[in-house]
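A.B. asks: next come a sequence and a model predicted from it.
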Amino acid sequence: MASLTYMPMLRLISRLYFRLTGWKTINKVPPGLNRYVMIAAPHTSNWDFPICMAALSIMGVKINYLAKKELFRFPLGMIMRFFGGIPVDRSRNSGMVNAMIGAFGTHKELVLMIPAEGTRGYVKEWKKGFYHVATGAGVPIVLGFLDYGKKLAGLGSVFYPTGDYERDLATIQNFYRPIQPKHPERSSLRDTSSADAGATPGMGYKP
């Protein structure tokens with residue numbers, strides 16, 4: 001399950017790309033934390049993937065992520081695996097979460113990236129898989145983001161689930177509300193208010 005997002009040549013190309021396009025990175029994950037679920041949000045564009053991979057390369061973060069098995073056909077499959085992709089049969093969703101929990105049990109280092117919205121199109125609610133994997137494996141959740149307004153990509157707060165999904169989700173989404181996606185009209189948070197009574201103070205977006 002190794003990922004090659006940390007290769008020196010790829011990092012050099014990624015830094016050049018960010019310099020030319022004006023993007024910057026930020027990483028607030030404490031050194032030594034190498035087992036966690038990474039939320040990838042907001043996800044509204046095909047551009048999210050290359051920008052995200054470039055940012056992770058610059059930061060030296062090795063990740064794995066899930067993608068539908070149809071995307072792993074030649075030649076795209078070679079690229080997907082190169083960046084840590086793991087093919088998943090979407091018709092077997094019940095086994096996917098358990099498989100990821102099991103992966104944490106057999107790997108001393110594993111960063112699993114999961115798009116909480118599940119698709120780049122508009123969805124009313126986030127998928128719960130990222131939360132169930134984190135609680136089942138006993139690992140924290142790192143809030144990864146792409147802010148197209150500030151051209152800032154990175155890893156924000158480290159969140160430790162309490163087991164109260166609704167309250168934890170409110171706290172996590174409170175972090176993402178100020179972040180500008182590529183296509184705001186597709187954002188799952190577009191109809192929510194800027195403040196949430198269920199959110200815990202101190203988790204707001206502060207790059």
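C.D. replies: Looks like it arrived, so ask away. Numbering: from 1, shown residues only.

A.B. asks: and the residue nearest to Arg186 when sequence neighbours are not counted, backbone torsions?
C.D. replies: Nearest residue to Arg186, sequence neighbours excluded (Cβ to Cβ, 6 or more residues apart in numbering): Thr44, at 4.0 Å. For glycine as for every other residue, the C-beta is placed from the backbone atoms N, C-alpha and C. Per-residue torsions, Thr44: phi -130, psi 0 (degrees, to the nearest 10).

A.B. asks: distance of Thr44 from Lys68?
C.D. replies: 18 Å (Cβ to Cβ, to the nearest Å).

A.B. asks: over to Ile79?
C.D. replies: Distance of Ile79 to Lys68, computed by Cβ to Cβ: 15 Å.

A.B. asks: with Pro184 instead?
C.D. replies: Counting by Cβ to Cβ, the gap from Pro184 to Lys68 is 25 Å.

A.B. asks: residue contacts, Arg81?
C.D. replies: Phe72 (Cβ atoms under 8 Å, 6 or more residues apart in numbering).

A.B. asks: which strand or helix spans it?
C.D. replies: Arg81 belongs to helix 76-82 when assigned by DSSP states H and E.

A.B. asks: strands along this protein, start to end?
C.D. replies: Counting by DSSP state E, the segments of the chain that form strands are 24-27, 35-41, 64-68, 85-88, 110-114, 141-147, 152-159.

A.B. asks: how about the residue most central in space within the chain, nearest residue that isn't a chain neighbour?
C.D. replies: Note on the chain: the residue nearest the mean C-alpha position is Ala40, at 2.2 Å, using Cα atoms, centre = their mean. Closest residue to Ala40 apart from its sequence neighbours, by Cβ to Cβ, 6+ apart: Pro115 at 4.7 Å.

A.B. asks: burial measure for that neighbour, as a count.
C.D. replies: Look at Pro115: counted by other Cβ atoms under 10 Å, it has 24 neighbours.

A.B. asks: do Pro87 as well
C.D. replies: Pro87, neighbours per other Cβ under 10 Å, totals 15.

A.B. asks: so it is in contact with Lys69, correct?
C.D. replies: Yes - at 4.0 Å, Pro87 and Lys69 qualify as touching, with contact defined as Cβ atoms under 8 Å.
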